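> pasting the sequence and the predicted model now:
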Amino acid sequence: MEERLQKILSARGVASRRAAEGWLAAGRVTVNGRTARVGDKADPERDEIRVDGRLLAEPARRTYVMLNKPRGYVTTLSDERGRKTVAELVTGCGARVWPVGRLDLDSEGLLLLTDDGALTQRLIHPSHEVEKEYHVRVEGDVAAALPVLRGPMELDGIPLHPARVEELGPGLLSVVIHEGRNRQVRRMCAAAGLKVRRLKRVREGALRLGALPPGKWRRLTAEELRLLGL
């Protein structure tokens, strides 16, 4: 299937799409011996694509894992303080994967891990505005807090995108945000006079945690990969 060359180069890990466009404009890319230009398409299964005369390498197999992170684990590959890490929970996936974004020590729920750098940047960069939904168990005056949480808020003097906040039940909120600021949901709740008792991420973009048990992981399905544009 034909795709734009900058997308093909990005998918193969050669360069970002923006950098690939620069290479195309500079005449560094050829398809079947002819110099390609920005906007050209090719079929990577059929066409011979070269960059600076070198044949484009076959794509490396990437690993995409969803983990239901339990509380008490830090979202790092190693910890100088000897705390338990999410890396310990996915040792059986057969690859060295890293977390996409963070969940703090006391938070739980959906955490993606991968060895795909391009996908990582796409999901965590604020410009892409990937939604993250949390179920938050709180104490305090929820009725008074809701207008605050739904209204204009700042953290460290920086305005936040308006959050979508719904009451799911007594003391249980659904909070949907775009950013991934440090302990953002906890700090938003504190600013609204609420104390967070439990915080669980249940969705990131179109991916949902579902019934995956705490501490367990699974590979993303073909449909989930399609939703991520892979």
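Structure's in. What do you need?
> now the one helix or strand in the chain whose mean pLDDT sits lowest: how far from the chain's centre is it?
Lowest by mean pLDDT, DSSP states H and E among the helices and strands of the chain is helix 117-124, with a mean of 82. Centroid displacement of helix 117-124 relative to its chain, using C-alpha atoms, centre = their mean, to the nearest Å, is 6 Å.
> got it, and stretch 222-230?
For stretch 222-230, the distance to the chain centre is 13 Å (C-alpha atoms, centre = their mean).
> then stretch 188-206?
Its chain's average C-alpha position is 18 Å from that of stretch 188-206, according to C-alpha atoms, centre = their mean.
> average model confidence for that stretch?
Mean pLDDT, stretch 188-206: 97.
> likewise stretch 99-106?
Per-region confidence: stretch 99-106 scores 93 on mean pLDDT.
> put the alpha carbons of that stretch into CSV.
Extracted C-alpha coordinates of stretch 99-106, given in CSV (Å, rounded to 0.1, in the frame of the first residue of the first chain):
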residue,chain,number,x,y,z
PRO,A,99,6.9,3.7,30.2
VAL,A,100,5.0,6.1,28.1
GLY,A,101,4.3,9.0,30.6
ARG,A,102,4.1,8.5,34.3
LEU,A,103,1.9,7.4,37.2
ASP,A,104,3.1,8.4,40.6
LEU,A,105,3.9,5.9,43.4
ASP,A,106,0.4,6.0,44.9
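> low-confidence stretches in the protein?
59-60, 126-128 (pLDDT under 70).
> ok, now with 90
Scanning the chain for pLDDT under 90 picks out 1-3, 7-20, 43-47, 56-62, 78, 94-96, 101-102, 115-130, 178-182, 228-230.
> where do the domain boundaries of it fall?
When the chain is parsed with automatic domain parsing, its domains come out as 3-55, 64-126+208-227, 131-204.
> save the ones you listed as CSV, and put in mean neighbour count too.
Where C-beta positions appear, they are placed from N, C-alpha and C, glycine not excepted. Converted to CSV, the domains of the chain look like this (neighbours: other C-beta atoms under 10 Å):
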stretch, mean neighbour count
domain 3-55, 15
domain 64-126+208-227, 16
domain 131-204, 16
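> residues in contact with the helix or strand containing L112?
In this structure, L112 is located in strand 108-114 according to DSSP states H and E. The set of residues external to strand 108-114 that reach it, using C-beta atoms under 8 Å, 6 or more residues apart in numbering, is 62-71, 75, 86, 90, 93, 97-101, 103, 120, 123, 134-135, 198-204, 207-209, 214, 217.
> take these and keep only those in helices.
By the criterion of DSSP state H, membership of those in helices covers 120, 123.
> which of the contacts of strand 108-114 fall in strands?
Among the contacts of strand 108-114, the ones falling in strands (DSSP state E) are 64-69, 98-99, 134-135, 198-204, 207-208, 217.
> tell me which element the nearest residue to R37 once chain neighbours are set aside falls in.
With sequence-adjacent residues excluded and distances taken as C-beta to C-beta, 6 or more residues apart in numbering, R37 is closest to L24, at 5.9 Å. L24 is part of helix 17-25 when elements are defined by DSSP H and E.
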